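Asks: here is the input, now give the coordinates:
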Amino acid sequence: MHMVPEPVEGSKGYFMKFGVLGKSLPHTYSPQIHKAFADYEYTVLERSEEQVKALFEGVEGLDGFNVTIPYKKLAASLCSEVSEEVGELGAANTIVRLPDGGFKGYNTDVYGFTYMLEAAGIEVAGKTCLILGTGGASVAVEYALKKMGAAKIDFCSRSGDINYENVYELAADTQIVVNATPVGMFPNIDDSPVDLSRFAKLYAAADIVYNPSRTRFLQQAKALGLKNAGGLSMLVAQAWQASEIFVGGPSTGSGTTDGATKINSVIKSLQNQMLNITLVGMPGCGKTTLGKKLAKKLGRTFLDLDIQFKEEYGTTPAEIISSKGEDEFRRMETQLAKKILPQSGLVIATGGGIVTRKENWFYLRANSKVCYLERPLDFLLKQDTSNRPLSRSAGIEELYKKRAPLYEEVCDEKWDQSLLTKIFNS
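Replies: The predicted structure follows:
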């Protein structure tokens, strides 16, 4: 039996109860987002299909709710009234109780997706677009692209006329690609729906996935120099419009420009919360010491990948390098990186050589702000290398020469000697 929390009196003086409806919502950010936008009770509603139908009979006394995968089309069919967008799309993600009974359905994904592209400076008018996927999210994406003036919109799916085998030939003129599938979503972050490099005319790529922050799809887009947009801005923007509908009633919520400041503030707050702070740099630069200090200050969990290596494999990096060689150690290190780096909200100290294997760069960037602790060579030469076989054999100078450019390239921020001294002394 599902327990519904007691209602809280809203700022307008009446009780308001809302929630987010889905089949499985273990990691949803919706309650946190809605709390930032408005004053009402907001809960998580994990329900089976039969329970969804009961929800529309009003038995739980909710004033409304948001709807996520896989119930958007079902929700639209159960509404007494629907907005113009839902009438055309057949999918609803925002539901409000009508004064005389029943519910009305809206689709705020259209607004959210439009906001996502505009915030990234992606211009749709006159462009040829390709939508990957034909599920509930794709219909809102198509509707938004049409409203933004797309010249042509194609769909790619596993069994469609355009599929993942022939898409590079049949959609060769694509200028904007939108991933409207869950491919690449945490925890299966290694996947990407298409190879963007095979579209010769590509101008931009957008991904509705927001966890990880930088999917393999988006990282490839950036590497190719394309305009790109990730799904977090869509998630927050559609929630803002939904909150306007909830508070103002079923006749409002058409997304106004004064919401941009609130939306961007919540996006920034969520990014700061979700992204790991991952420290890279030479052996002896202070990653572990600084990581512990940052984690304590921020109230986060600290993980040292060298310590995690020992816990995972029952042996140390130094022992593996000495007994099996560096290549075997790097292989094992990558497997550990795949497991730990895609998580959220951590402070992570990495091994000094993690950047030497390009495969690791994706994991470093996926869900982290990567910070390079840049120390001068004379500082590094003073550090103890007795438990670092690579530093002893190759020499700090040679390692520094090879690795420093890699740290520079992979990082989001570079923390130099003066900044590090200030942090350590604070």
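Asks: and the protein, split by domain according to the record?
Replies: Split into domains by automatic domain parsing, the chain comes to 8-110+235-272, 121-229, 275-425.
Asks: figure out how far the second one is from the centre of its chain.
Replies: To tie it back to what came earlier, the one meant is domain 121-229. 16 Å (CA atoms, centre = their mean, to the nearest Å).
Asks: one more: the longest one?
Replies: Its chain's C-alpha centre lies 23 Å from the corresponding centre of domain 275-425 when counted by CA atoms, centre = their mean.
Asks: please produce CSV containing the domains of the chain, extended by mean pLDDT.
Replies: Converted to CSV, these look like this (pLDDT from 0 to 100):
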stretch, mean pLDDT
domain 8-110+235-272, 87
domain 121-229, 96
domain 275-425, 92
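Asks: how about these in JSON lines, adding mean neighbour count?
Replies: Heads up, the C-betas are built off the backbone N, CA and C, glycines and all. Formatted as JSON lines, the domains of the chain follow (neighbours: other CB atoms under 10 Å):
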{"stretch": "domain 8-110+235-272", "mean neighbour count": "18"}
{"stretch": "domain 121-229", "mean neighbour count": "19"}
{"stretch": "domain 275-425", "mean neighbour count": "17"}
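Asks: let me see the ranges of the helices in the stretch 51-200 of the chain.
Replies: 72-78, 84-89, 109-119, 136-147, 167-170 (DSSP state H, counting those that start in this stretch).
Asks: residues in contact with the last one?
Replies: To tie it back to what came earlier, the one meant is helix 167-170. The contact list for helix 167-170 (CB atoms under 8 Å, 6 or more residues apart in numbering) reads 130, 154, 156, 161-162, 194-195, 198-199.
Asks: rerun that using 6 Å as the cut-off
Replies: 156, 162, 198 (CB atoms under 6 Å, 6 or more residues apart in numbering).
Asks: what lines up beside the lengthiest strand in the chain in the sheet?
Replies: Longest strand in the chain by number of residues, with DSSP state E as the criterion: strand 15-22. Strand 15-22 pairs in its sheet with strand 8-9 (antiparallel), strand 41-46 (parallel), strand 64-67 (parallel), by DSSP bridges.
Asks: now these in JSON lines, with distance to T108?
Replies: As requested, the strands paired with strand 15-22 are exported to JSON lines (distance: least, CB to CB, whole Å):
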{"stretch": "strand 8-9", "distance to T108": "23"}
{"stretch": "strand 41-46", "distance to T108": "15"}
{"stretch": "strand 64-67", "distance to T108": "8"}
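Asks: of those, which is nearest H34?
Replies: In terms of CB to CB, the element of the strands paired with strand 15-22 nearest to H34 is strand 41-46, at 4.4 Å.
Asks: report the distance from that closest one to the chain centre.
Replies: For strand 41-46, the distance to the chain centre is 21 Å (CA atoms, centre = their mean).
Asks: what's in contact with the lengthiest helix in the chain?
Replies: Taking DSSP state H as the criterion, the chain has its longest helix at helix 232-248. By CB under 6 Å, 6+ apart, the surrounding residues in contact with helix 232-248 are 18, 33-34, 37-38, 64, 66, 94, 106, 108-109, 111-113, 115-116, 119, 208, 210, 253, 255, 259, 263, 266-267.
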